[in-house]
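Colleague: Build me a model from this:
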Amino acid sequence: MRSRGFTLIELLVVMAIIATLLSIVAPRYFRHLDRATETSLRQTLNVVRDAIDKYHADKGRYPPTLDALVDQRYLRSLPVDPVAGNGSSWQLLSPPDDPAGGIRDIRSTAPGAGSDGMAYSDY
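Modeller: Numbers count the residues shown, from 1 in each chain. All right, here's what the predicted structure looks like:
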């Protein structure tokens, strides 16, 4: 009577096949995660910029802070930079010709560049 089970060679072959498949799939998976983060950053910037434009059109001035956009219900909550991982690292740009100041544009302060070669701070 012969015992049932797998031999060491069979297990090694299966592990080699799994390792080969993982070496093919893993880089594509991480590239996909990076592209999703970039897309999320672009979408967040577009939504905030749209809210700034609507605030300016309604009030005739730029919002003094991002909190003003939330208080006036132009945004539901403060945006989080998906690349940098926090909501307090935004670069806030004020209008050059407006003495009242405010926020004209918002940029990411995350280091590095996206898959297209453009720096995150240029999105």
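Colleague: which strands and helices sit next to the lowest-mean-pLDDT helix or strand in the chain?
Modeller: Across the helices and strands of the chain, mean confidence by mean pLDDT, DSSP states H and E is lowest for strand 91-93: a mean of 91. Helices and strands touching strand 91-93, by 3 or more C-beta pairs under 8 Å, 6 or more residues apart in numbering; DSSP states H and E, are strand 105-107. (Glycine included, C-beta is placed from N, CA and C.)
Colleague: For the strand it packs on, which helices and strands make contact with it?
Modeller: The contact analysis (3+ C-beta pairs under 8 Å, 6+ apart) places strand 105-107 against helix 8-59, strand 91-93.
Colleague: In the chain, where is pLDDT below threshold?
Modeller: For the chain, the stretches with pLDDT under 70 are 1-2.
Colleague: is it possible to export the helices and strands packed on strand 105-107 to JSON lines including mean neighbour count and distance to Thr65?
Modeller: Output for those, formatted as JSON lines (neighbours: other C-beta atoms under 10 Å; distance: least, C-beta to C-beta, whole Å):
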{"stretch": "helix 8-59", "mean neighbour count": "13", "distance to Thr65": "11"}
{"stretch": "strand 91-93", "mean neighbour count": "13", "distance to Thr65": "8"}
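Colleague: Of all those, which one is nearest Ser77?
Modeller: Nearest of the helices and strands packed on strand 105-107 to Ser77, taken as C-beta to C-beta: helix 8-59 at 11.2 Å.
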